[in-house]
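Chemist: fold the following and give me the result.
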Amino acid sequence: MSATATIPGYTAGRWDIDPANSAVTFTVRHMLVNTMHGRFNVFAGEVVTRENPLESTVAAAIETSSIDSNDRERDEHLRAPEYLDVSAHPLMSYRSTALREDADGYVLDGELTLKGMSRQVPLWLEPGGILAPDPIGKTRMGIAATGSIDRADFGLSSELLDMPLIGGLLVSRRVEIRIDIEATLAR
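Modeler: Below you'll find the predicted structure:
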């Protein structure tokens with residue numbers, strides 16, 4: 001079966017990410033007792049779908065200063081030079097390098113650049129569907145992506161974050177990522 005047969009309504013084209021209907025979120029374990037949720041509120045990007053879906057690409061940029069963990073003091077701390085260093089690195093970016101099928105669906109291989117460090121970060125995709133036309137005449141696509149990073153790989157470590165507790169760290173090194181994208185077909 002072809003890849004296009006598994007994505008109902010698949011359409012090749014250039015798609016603009018709609019930030020008003022999308023989310024870039026993350027979670028980390030906090031003190032081994034809870035999962036802390038956060039998000040980045042300002043981002044932009046595009047998806048280019050090809051006739052062969054496996055040749056499709058994604059590029060996105062996220063403003064690091066838009067971090068929102070629901071705690072103003074913590075967010076200011078995370079914007080500081082020892083963490084996100086938003087004054088020196090106002091953007092993080094993701095650029096796909098390949099799209100492949102695996103046993104569970106699709107995996108987007110790509111390079112995440114954060115604090116001037118680039119690392120390969122695969123994202124597992126869950127197509128949400130394509131609506132054409134929507135009530136205002138646009139063609140819309142939805143897709144979710146999940147993955148994870150080790151925050152230390154991007155220099156996001158400190159004595160405080162890495163304070164040992166019995167059974168782990170104050171803040172887990174593993175950061176789980178979830179991206180929910182709604183994009184509109186550019187005309």
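Chemist: mind checking what helix or strand follows the worst-scoring helix or strand of the chain on mean pLDDT in sequence?
Modeler: With mean pLDDT, DSSP states H and E as the measure, the helix or strand of the chain carrying the lowest mean pLDDT is strand 168-169 (a mean of 50). Per DSSP states H and E, strand 168-169 leads on to strand 174-185 as the next helix or strand towards the C-terminus.
Chemist: just the mean pLDDT for that next one, thanks.
Modeler: On average, the pLDDT along strand 174-185 is 96.
Chemist: pull the residues that contact it.
Modeler: 11, 13-18, 21-29, 46-47, 121, 123, 128, 132, 138-151 (Cβ atoms under 8 Å, 6 or more residues apart in numbering). (Each C-beta comes from the backbone N, C-alpha and C, glycine too.)
Chemist: pairing partners for the helix or strand where E126 lies, with directions?
Modeler: Using DSSP H and E, the element containing E126 is strand 123-131. Using DSSP bridges, strand 123-131 pairs in its sheet with strand 105-114 (antiparallel), strand 140-150 (antiparallel).
Chemist: with mean neighbour count, distance to A60 and mean pLDDT added, can I get these in JSON lines?
Modeler: What follows is the strands paired with strand 123-131, written out as JSON lines (neighbours: other Cβ atoms under 10 Å; distance: least, Cβ to Cβ, whole Å; pLDDT from 0 to 100):
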{"stretch": "strand 105-114", "mean neighbour count": "18", "distance to A60": "9", "mean pLDDT": "96"}
{"stretch": "strand 140-150", "mean neighbour count": "18", "distance to A60": "10", "mean pLDDT": "96"}
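Chemist: quick check: which ranges of this protein have low pLDDT?
Modeler: For the chain, the stretches with pLDDT under 70 are 1-6, 31-32, 158-170, 187.
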